[in-house]
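Q: Structure here, sequence nowhere to be found:
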């Protein structure tokens, strides 16, 4: 097993030893966070609604004590971990709430892909969507957005490595382009988009 600096190893022999009952972890919000940890996550379960203590979160092979639990919800701070998707489950009195839906938490680096090209590279605001080519091998998930300077707009996927988004209204000139997933900046980028004057397109002086 790979461990990142700051990982908190469980204090018992193996989390898998107690992940065996039929209660369920229903969801986790947010479902992703930086590999450095420190993200407050909320797990919804079918746990005893009156339980106020004894709760933990099993994130991959790491266990953390719940900071707060009430109404079947467990709130834990994610520990540091290597960048990858891991199973996550709420634990009450050493019994885990497994999930039939394979609830998972995605540890990501700040930049785990790159935005490598944009087409067209220049356009008039409101003239249609642009395509942003990324280095992603698999389709990005989550709520995707493109950043144009300090503004961001919703994006949709076109295959595994291309996003489509509509440049928002902006002053003329060049702006940096980036990509967000669930509010996290996930694409390192050295590409720029140029907002051009409609007069340049129509030929009107």
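A: That came through fine. All values derive from a computational prediction rather than experimental measurement. Residues are numbered from 1 along each chain as shown.

Q: C-alpha from now on. contacts and neighbour counts both.
A: OK.

Q: okay, now residue 106: neighbour count?
A: 18 (other C-alpha atoms under 10 Å).

Q: Give me the next element, helix or strand, following the helix or strand hosting it.
A: Secondary structure assigned from DSSP states H and E places residue 106 in strand 104-108. Per DSSP H and E, the first helix or strand lying C-terminal to strand 104-108 is strand 113-119.

Q: quick one: strands adjacent to the next helix or strand after that next one?
A: Sequence order places strand 122-123 as the next helix or strand after strand 113-119, per DSSP H and E. Sheet pairing here is set by DSSP bridges, and for strand 122-123 it gives strand 192-195 (parallel).

Q: quick one, phi/psi of the residue lying closest to residue 93 once chain neighbours are set aside?
A: For residue 93, ignoring the flanking residues on the chain, the nearest one in space by C-alpha to C-alpha, 6 or more residues apart in numbering is residue 54 at 5.2 Å. Backbone torsions for residue 54, taken as degrees, to the nearest 10, come to phi 80, psi 10.

Q: cool, residue 183 as well?
A: Main-chain dihedrals, residue 183, degrees, to the nearest 10: phi 90, psi 0.

Q: which residues are contacting the strand holding residue 106?
A: For strand 104-108, the surrounding residues in contact (C-alpha atoms under 8 Å, 6 or more residues apart in numbering) are 28, 31-35, 59, 81-88, 186.
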